[in-house]
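A.B. asks: A structural model of the following input is requested.
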Amino acid sequence: MSFKDELQKLRASFDTDLATVSGDDELEVLRVKYLGRKSGLQDLMRLLKDMTNDERKDAGQAANEVKKAIESAFDLTTTELERARLENLATEEAIDISLPGIAPPVGHLHMTTTAIREIEGIFARLGFTRVRHPEVEWEWYAFETLRVGPDHPARDNWETFFIDAPADDKKGKMVLTPHTTNGDVREMERGDLPIRMMNINKTYRRQSDVSHVPMFHQFEGLLIDEGVTITDLKGLFEHFAKEYFGADREIRLRPHHFRFTEPSFEVDISCGLCHGKGCRMCKDGWVELGGAGMLHPDVLKAGGVDPEKYGGLAFGWGLERTVSMRAGLNISDLRTMYSNDVRFLQQF
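C.D. replies: Here you go, the predicted model:
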């Protein structure tokens, strides 16, 4: 069979196969079969090298004509398939806009973030301004200025995270701040009196069990002004308790000892589950909310404030415990709040 006969046979085979094509995928398979590197057309083109110059000229011209015809046929078929697809598009992809849509999943803020914003709003209405102070802190601000000496258990390696960094001659070593009270003296050093400050931030302690997590949030309130008394402290807590927990909740102050306040108190709130009657969660009708007290004169002096002229009060508590008390939950393990279990978090 001559070269031209082989070309005509190839063209006839192509026309037969093209007539059966009904989609883009089939067309692509056919393109590889007839125009690919291992196609029958390429096999014929390889025969040209064994022909004489005159034979090669005629055969090459005939082969190019067949190749162009096949390519034109592919282009025409591609256009026809696209036109057919567009004509059927309105039917195949019709949407009944009268049907209710499917709402996409929407996330929400973590329960701790929500609590921070709500608490911030309550105290902002009382004139408190939120500030931020370092989470990586010097011992000077975390301990020394708060009258927590070198022999205090809180400064042990098993209580506090110490940073592997050069120490400062005056400020000591660097730590992950164990409480937001580190911001009190820093705020006083700014020299802007009076002060109504709230510092809501992450804090860190080497504790991890059902009632402690290594990273947790604390709220620190600081009020420094002339004539500040314990009455102001109690009034602030009573206002907060009713605003955040509800009008039926009460607070009480229990004498306690903190190194940086004198006198010092533990602040309890009436249990939201039993309404102060006593239950498995609270035992006696009260749940500890946080600590508070009047700033010790030494702390005021460390911040450059005259204790003879100004008085100060400070208070703080853990956000995670506060959230659980407000929701009326008895969460058996605080670590659950940061376990990233969506089944738990979606409830709040």
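A.B. asks: Poorly predicted segments of the stretch 151-300 of the chain, please.
C.D. replies: For the stretch 151-300 of the chain, applying pLDDT under 70 flags the ranges 210-211, 280-281.
A.B. asks: tell me the mean pLDDT for the longest helix along the chain?
C.D. replies: Taking DSSP state H as the criterion, the chain has its longest helix at helix 53-92. What helix 53-92 shows for mean pLDDT is 78.
A.B. asks: And the next helix or strand past that helix?
C.D. replies: helix 111-124 (DSSP states H and E).
A.B. asks: packing partners for the helix or strand that that next one is followed by?
C.D. replies: Going down the chain from helix 111-124, the next helix or strand is strand 129-131, by DSSP H and E. Other helices and strands packing on strand 129-131, by 3 or more C-beta pairs under 8 Å, 6 or more residues apart in numbering; DSSP states H and E, are strand 195-204. (Each C-beta comes from the backbone N, C-alpha and C, glycine too.)
A.B. asks: Relative to the whole chain's centre, how far out is the strand it packs on?
C.D. replies: 20 Å (C-alpha atoms, centre = their mean, to the nearest Å).
A.B. asks: now that strand against helix 111-124, angle please.
C.D. replies: 170 degrees (axes from the mean of the first three to the mean of the last three C-alpha atoms, to 10 degrees).
A.B. asks: what lines up beside strand 195-204 in the sheet?
C.D. replies: The strands beside strand 195-204 in its sheet (DSSP bridges) come out as strand 129-131 (parallel), strand 215-225 (antiparallel).
A.B. asks: tell me which element residue 42 falls in.
C.D. replies: Going by DSSP H and E, residue 42 is part of helix 40-45.
A.B. asks: For that helix, which outside residues touch it?
C.D. replies: 3, 6-7, 10, 13, 33-36, 63, 66-67, 70 (C-beta atoms under 8 Å, 6 or more residues apart in numbering).
A.B. asks: switch to 6 Å and redo it
C.D. replies: By C-beta atoms under 6 Å, 6 or more residues apart in numbering, the surrounding residues in contact with helix 40-45 are 6, 10, 63.
A.B. asks: Pop the domain breakdown of this protein in here.
C.D. replies: 3-87, 111-132+186-345 (automatic domain parsing).
A.B. asks: how long is the last one from one end to the other?
C.D. replies: Going back to what we said before, that points to domain 111-132+186-345. Terminal residues of domain 111-132+186-345 lie 7 Å apart, using C-alpha to C-alpha, to the nearest Å.
A.B. asks: now the first one
C.D. replies: The straight-line separation of the ends of domain 3-87 (C-alpha to C-alpha) is 43 Å.
A.B. asks: Just give me the neighbour total for the nearest residue to residue 229 once chain neighbours are set aside.
C.D. replies: With sequence-adjacent residues excluded and distances taken as C-beta to C-beta, 6 or more residues apart in numbering, residue 229 is closest to residue 311, at 7.0 Å. Residues lying near residue 311 (other C-beta atoms under 10 Å) number 20.
A.B. asks: Please tell me I have it right and residue 311 contacts residue 230.
C.D. replies: No. Taking contacts as C-beta atoms under 6 Å, residue 311 lies outside contact range of residue 230: 9.8 Å.
A.B. asks: average pLDDT for the helix holding residue 42?
C.D. replies: Helix 40-45 comes out at a mean pLDDT of 73.
A.B. asks: With that, I have no additional questions.
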